[in-house]
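Novice: make a model of this:
(chains A and B)
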Amino acid sequence: MIEPFAVLEQIRDALLKKGAQEVVLAFTRGRGKELKFVNNKIIKISNGTSESASIFAVFDKKIVLTNILSFDPENIKKCIADIEAFSKHLEPKPDYFGIAKGPFKYSSIENIYDPKISEISEKEILELAGQGIDAALQEGAKRTGGILEIGEEESFLLTSGDVKATEKSTSAYFSIRALLDKTASGHATVAETNLQKFDTASTGHVAGKFSKMAKGPKKIEPGKYDVLFSPLAFAALLEFIGGALSIYNVEVGLSPFANKIGQQVAPKFVNLYDDGRLPGGLGSGICDAEGVPTQRTQTIGAGVLKSYLYNTSYAKKYNTKSTANAGLIAPRPTNIILEPGKSDVEDLIKDIKRGIYITNLWYTRFQNYFTGDFSTIPRDATFLIENGELKPIKEIRLSDNILKLLQNISGIARDQRQILSWEVGTPTWCSHVAVRDLNITKPVGA
Amino acid sequence: MEALLDSAIKYAKELGADYAEARLQKSKGTSLSLSNGILEGGSFGQSVGLSVRILVNKTLGFGHTDQLDPESIKSVVKFAFAAAKANKKAANVRFSPANPVVKEYEVKEKKNLQDISVKEKLDFLKSLDAKISGARQRLFDYIDGIDERLFLNTEGTKIKSRIPRCSLFYIFTVSESGQTAQRMWDYGGVGGFEVAEKWNLAEILPEEFKELSKVLSEGAKVPSGKYDLVVGPQISGIIAHESCGHPFEADRIIGREAAQAGESWIEPSMLGKSLAKDFVNIIDDPTIEGSAGFFLYDDEGIPARPKYLIKEGKINCFLHNRESSAALNQENNGSARAANYSVEPLVRMSNTFFKPGQLSEKELIEGVKKGIYFKNFMEWNIDDRRYNNKYTSAIAYLIENGKLTKPVKPVSLEITTPVLYAAIDAIGSNFELHAATCGKGEPMQGIPVTHGGGSLRLREVKIK
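Specialist: Predicted coordinates:
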């Protein structure tokens, strides 16, 4: 097994000698296990290992990114020569202003590594999945499908800006869809950094319960409805919002938040954060991709757009401070956090006289990222809320605007939890959220 | 490398696996990203890794690693075997029979991707960017690479392939009188840099910029209602992909993707059922030379071939891999694809399209008294059973008395799959294939595909 910092130092020194002004090197060692179940049966069990090292080198504002697969001296020499040759064909990025200058002091983050995940046996993985499947079936579901993933990662970061950082992290993810029949289903996921909170049985119960509640869905008329989103559903929209706050996305037209800093983009009770230091956050780490110590950044405060997400170069360009969100090319969110409210979910339901409860979303697509016009499809258990009662419905679509959706938030529940799902790749901490007056459409023929 | 794969499957057999296969993948390539005319950075890189898939205890075991030493490989195979063996909730995973095949094939590059300098590729991107410099925001991402695969299994199959490919994604924003509109699209194909030069983007991009600007400045707002509709190959393609290709994937039909990509509104008993008029044929064909979805043997070593998913208007066959074809007791048609060595092969599309008809696109339009010509789209989605479709236009025109008269603001076709297919009145003789990356599976696997065909004429469909 190689000693990562020793080879990273060799590569850094060789690149600087060749004329690179800045170098960022990252070595990652990972191990993962995964299990897939279909129709209540476990059909596939996987495991894998990987080691990779990425290289970011800057020659007179010309930016090269590459990787290296083996660390014998000849290969390192060849890789350095290739980088130098490649850089000569590139053009400088005039608005590139450099990486962070260390050294930095890092403080550890609670609960991002669980040694029990490293040691988990095949038997324990099978049991964890089995508990989720059985729980959904106990609730009345007829079929279940899903995945369980366990991972651990060790990373080493070395830069020409006096950064030397290393840390370990672990992850556990369980996603279960429970089906009563072709039209009644429920979906739930759990994502944690440790096994202690990784409750597959409760997750199975939620999916199974939803599948039963969704039995016999009816069609409804299109129109304007107040909508209650479950955390799983709203996280799919929040993830877009969190990503759209990257200054890179603002610059290239993939964000509706351009020129809106200081503006009221949501009601006063809405607070949104990016927090790379959140204990238990799957996006947490001691530093970002260039070594800046992570922080908590308020992006929306009392409904006002406060900040985009920056790395050091973009921060210098806009005369502000890095928010520790590097991405060496494009800043990116860490953990997206919607501050929980004080309401119970039951209170939010009571407040909606006639509306819709959406428990999962998928296939969110934008007509215009700059204006925020989009549509998305409620999937799995979806209900008409009428006088506090939930009646299953089907074949609808939410077709509206993301800025309007933010402005129309009418309530946030207290039940915040961490979400990862097929549709949510960035860890997103979210509660049930109520939004007034959204446009619900349905297809011709339904 | 072949010896490593061979010893890996032998080791799996020694442990007691009923079947084992090993897949090695080596990839290398370059990418460039140009935003608002400025090069963000250039990258080059490579990856090498292998996976072993075994069948034991009616369960699939899978191990992958990029550490190509015998001990690392044995370690992932050992875990896969032990875990599959210990599975008390085993299903009945079976594979349909396959004849052993030993083949080697490669796609030749006319303009070798590694001989074309990065500067030339960058100049290509910059020349495209210059064509739409009036757009307020522009992003171009170019990627090329060479993908080499070696597949071995315990049945005696050995397939070696080398496929070079290049692709481009772009998005731009136009703005007129305080309003904006966006256009994004993908191009891609198999071959050398000659593929990129054939995209004809130097003509297409300024035309799209002009047309999109006109939609903003002159676009008429069309009232909701029933119209005849002519859709171009970009829309017919996405229809073929989303509402025929996906629901005809047999792994969805048997519930194998229930929690992820979803299931299907199509059931096995629907084979032979009529969905559309008898001139409607939808084909999935991986063997089209130069296409982004090209392959000659799938990732289970099965020969690729064209499949009529819809033949003469009827549901004709599903897309299969060895597992789904065994489950449904149907013929396997070689549709197993894996995005990379670290993931299992799933049932996937390749190049999926409406077979062209007799009338030109102009003639399709001439047959419409009052309607809309939908040239391309921006927003689209479909539910996970592939029943509830929506396609919203980017560039569209009003058709009056058989002629395109004026641009129209975005309109949406939101329609169920059966109603959509029943409304097809004619298919154009024009033929285009458009590249895309199709996502499926968990962990997510993005694979290159194309979709397209002739233009379609739909009668009396509701537009919003």
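Novice: so where do the helices sit in the stretch 101-250 of chain A?
Specialist: Listed in chain order, the helices of the stretch 101-250 of chain A (DSSP state H, counting those that start in this stretch) span A:115-118, A:122-138, A:200-213, A:231-244, A:247-252.
Novice: quick one, the fourth one and helix A:200-213 angle?
Specialist: With axes from the mean of the first three to the mean of the last three CA atoms, to 10 degrees defining the directions, helix A:231-244 sits at 110 degrees from helix A:200-213.
Novice: that older thread, in JSON lines: the helices of the stretch 101-250 of chain A, plus mean neighbour count and mean pLDDT.
Specialist: C-beta here means a position set from N, CA and C on the backbone, and glycine is covered the same way. Shown next, in JSON lines, are those (neighbours: other CB atoms under 10 Å in any protein chain shown; pLDDT from 0 to 100):
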{"stretch": "helix A:115-118", "mean neighbour count": "14", "mean pLDDT": "94"}
{"stretch": "helix A:122-138", "mean neighbour count": "20", "mean pLDDT": "96"}
{"stretch": "helix A:200-213", "mean neighbour count": "23", "mean pLDDT": "98"}
{"stretch": "helix A:231-244", "mean neighbour count": "26", "mean pLDDT": "98"}
{"stretch": "helix A:247-252", "mean neighbour count": "23", "mean pLDDT": "97"}
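Novice: and of those, who's closest to residue B:55?
Specialist: helix A:122-138 (16.6 Å; CB to CB).
Novice: now stretch A:421-440: buried residues?
Specialist: A:421-424, A:426-436, A:438-440 (16 or more other CB atoms under 10 Å in any protein chain shown).
Novice: show me what residue A:173 is bridged to.
Specialist: residue A:149, residue A:191 (DSSP bridges).
Novice: now, which of the buried residues of stretch A:421-440 lie close to chain B?
Specialist: Taking CB under 8 Å from any CB of the partner chain as the test, chain B is in contact with residue A:422 out of these.
Novice: just want the angle from the helix or strand hosting residue A:44 to helix A:122-138.
Specialist: Residue A:44 belongs to strand A:41-59 when assigned by DSSP states H and E. For strand A:41-59 against helix A:122-138, the angle by the same axes, to 10 degrees is 120 degrees.
Novice: could you pull up the mean pLDDT of strand A:41-59?
Specialist: Averaged across strand A:41-59, pLDDT comes to 97.
Novice: export the longest helix seen in chain B to CSV, keeping only CA atoms.
Specialist: For chain B, the longest helix by residue count, based on DSSP state H, is helix B:201-218. Output of helix B:201-218 as CSV, limited to C-alpha atoms (Å, rounded to 0.1, in the frame of the first residue of the first chain):
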residue,chain,number,x,y,z
LEU,B,201,-22.8,23.1,-35.9
ALA,B,202,-21.3,26.1,-37.6
GLU,B,203,-24.6,26.4,-39.6
ILE,B,204,-27.0,25.0,-37.0
LEU,B,205,-26.0,27.2,-34.0
PRO,B,206,-26.5,30.6,-35.7
GLU,B,207,-29.8,29.3,-37.1
GLU,B,208,-31.0,28.2,-33.7
PHE,B,209,-29.9,31.5,-32.2
LYS,B,210,-31.8,33.4,-34.8
GLU,B,211,-35.0,31.3,-34.5
LEU,B,212,-35.0,31.4,-30.7
SER,B,213,-34.6,35.1,-30.8
LYS,B,214,-37.6,35.4,-33.1
VAL,B,215,-39.6,33.2,-30.8
LEU,B,216,-39.0,35.8,-28.1
SER,B,217,-39.5,38.9,-30.2
GLU,B,218,-42.2,37.8,-32.6
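Novice: ok, the next helix or strand after it: who's next to it in the sheet?
Specialist: For helix B:201-218, the succeeding helix or strand toward the C-terminus, using DSSP H and E, is strand B:225-231. Looking at strand B:225-231 with DSSP bridges, its partner strands are strand B:370-374 (parallel), strand B:456-463 (antiparallel).
Novice: list the residues that contact the closest residue to residue A:91 other than its chain neighbours.
Specialist: Of all residues beyond its chain neighbours, the one nearest residue A:91 is residue B:39 (4.8 Å), with distances taken as CB to CB, 6 or more residues apart in numbering or on different chains. Residues in contact with residue B:39 (CB atoms under 8 Å, 6 or more residues apart in numbering or on different chains) are A:63, A:90, A:91, A:92, A:93, B:32, B:33, B:122.
Novice: is it true that residue B:429 touches residue B:355?
Specialist: No. Using CB atoms under 8 Å, residue B:429 is not in contact with residue B:355, being 10.4 Å away.
Novice: common neighbours of those two, please.
Specialist: residue B:454.
Novice: out of these two, which sits in the busier spot?
Specialist: residue B:355 (18 against 14; other CB atoms under 10 Å in any protein chain shown).
Novice: I'd say that one and residue B:430 touch.
Specialist: No. If you go by CB under 8 Å, residue B:355 and residue B:430 don't touch, sitting 12.0 Å apart.
Novice: and the closest residue to chain B within the stretch 251-400 of chain A, how far from residue B:36?
Specialist: For the stretch 251-400 of chain A and chain B, the shortest gap (CB to the nearest CB) falls at residue A:253, measuring 3.2 Å. Distance of residue A:253 to residue B:36, computed by CB to CB, to the nearest Å: 9 Å.
Novice: please identify every residue contacting each of the two.
Specialist: With CB under 8 Å, 6+ apart as the test, residue A:253 and residue B:36 both reach B:137, B:138, B:139.
Novice: beta partners for residue B:56?
Specialist: With DSSP bridges as the rule, residue B:56 is bridged to residue B:59.
Novice: for it, list the residues it contacts.
Specialist: B:15, B:16, B:17, B:18, B:81, B:84, B:85.
Novice: and if you look at residue B:390?
Specialist: Residue B:390 touches A:375, A:397, A:399, A:441, A:443, B:379-382, B:412-415, counting by CB under 8 Å, 6+ apart.
Novice: how about JSON lines for those residues, with secondary structure and neighbour count added?
Specialist: Shown next, in JSON lines, are the contacts of residue B:390 (DSSP: H, G, I helix; E, B strand; the rest coil; neighbours: other CB atoms under 10 Å in any protein chain shown):
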{"residue": "A:375", "secondary structure": "strand", "neighbour count": "22"}
{"residue": "A:397", "secondary structure": "strand", "neighbour count": "25"}
{"residue": "A:399", "secondary structure": "strand", "neighbour count": "24"}
{"residue": "A:441", "secondary structure": "strand", "neighbour count": "17"}
{"residue": "A:443", "secondary structure": "coil", "neighbour count": "23"}
{"residue": "B:379", "secondary structure": "strand", "neighbour count": "22"}
{"residue": "B:380", "secondary structure": "strand", "neighbour count": "19"}
{"residue": "B:381", "secondary structure": "strand", "neighbour count": "21"}
{"residue": "B:382", "secondary structure": "strand", "neighbour count": "26"}
{"residue": "B:412", "secondary structure": "strand", "neighbour count": "22"}
{"residue": "B:413", "secondary structure": "strand", "neighbour count": "27"}
{"residue": "B:414", "secondary structure": "strand", "neighbour count": "24"}
{"residue": "B:415", "secondary structure": "strand", "neighbour count": "25"}
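Novice: could those go into CSV alongside distance to residue A:234 and pLDDT?
Specialist: Below are the contacts of residue B:390 laid out as CSV (distance: CB to CB, whole Å; pLDDT from 0 to 100):
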residue, distance to residue A:234, pLDDT
A:375, 16, 98
A:397, 16, 98
A:399, 17, 98
A:441, 19, 97
A:443, 24, 95
B:379, 20, 97
B:380, 22, 98
B:381, 18, 97
B:382, 22, 97
B:412, 24, 97
B:413, 28, 97
B:414, 23, 97
B:415, 28, 97
